[in-house]
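Colleague: generate coordinates for the sequence data below:
(one chain, ligands or ions: 1)
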Amino acid sequence: MHTGSVPIRSSNRPRKRLLVHLSQAVETLALTKAPRTHVVPLKRSLDGSLKLQSFDVTSREFDHFENLSNALHRLDKGTYGRCIFCGASIETDVLARTPWATECRECGDQESQP
Ligand SMILES: [Zn+2]
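Modeller: Numbering: from 1, shown residues only. You can find the predicted model right below:
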């Protein structure tokens, strides 16, 4: 009988990892905050109203969502994993830690220096 393991090549699946981060972020919001409910009346021809739910997010939370959604856009455009400053490939360990990274280590280091 054969038993085997399926290799998980997580570094080759950035989309999946980004989506995991995204759903975790949404889950965290849903667990820690009560949603606001807005009722938006529809125009005359469309009878009724629309119920919208939203969460108040801090700017940090908002940034996180934006980073994730930008990374997904870059995946679609084929520019994911490339440094936005110098165009070099972003190191795989950087992407492993922050899948939404937009700069290589060198450019990131320069920016964080005073
Ligand atoms: Zn760079």
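
Colleague: flag every residue of this protein that's near the ion.
Modeller: Contact residues, the chain versus the ion (Cβ under 5 Å from the ion): 83, 85-86, 88, 104, 107. C-beta coordinates here come from the backbone N, C-alpha and C atoms, glycine included.

Colleague: buried among those? Make that a PyMOL selection.
Modeller: In PyMOL syntax, the buried subset of the residues of the chain next to the ion is picked out as below (16 or more other Cβ atoms under 10 Å):
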select buried, resi 83+104+107
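
Colleague: can you give me the buried ones in the helix or strand harbouring residue 76?
Modeller: Assigned by DSSP states H and E, residue 76 falls within helix 59-77. Buried residues in helix 59-77, defined by neighbour count with 16+ other Cβ under 10 Å: 61, 64-65, 67-68, 71-72, 74.

Colleague: save those residues as TSV, and put in pLDDT too.
Modeller: Shown next, in TSV, are those (pLDDT from 0 to 100):
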residue	pLDDT
61	91
64	93
65	92
67	95
68	95
71	95
72	94
74	94
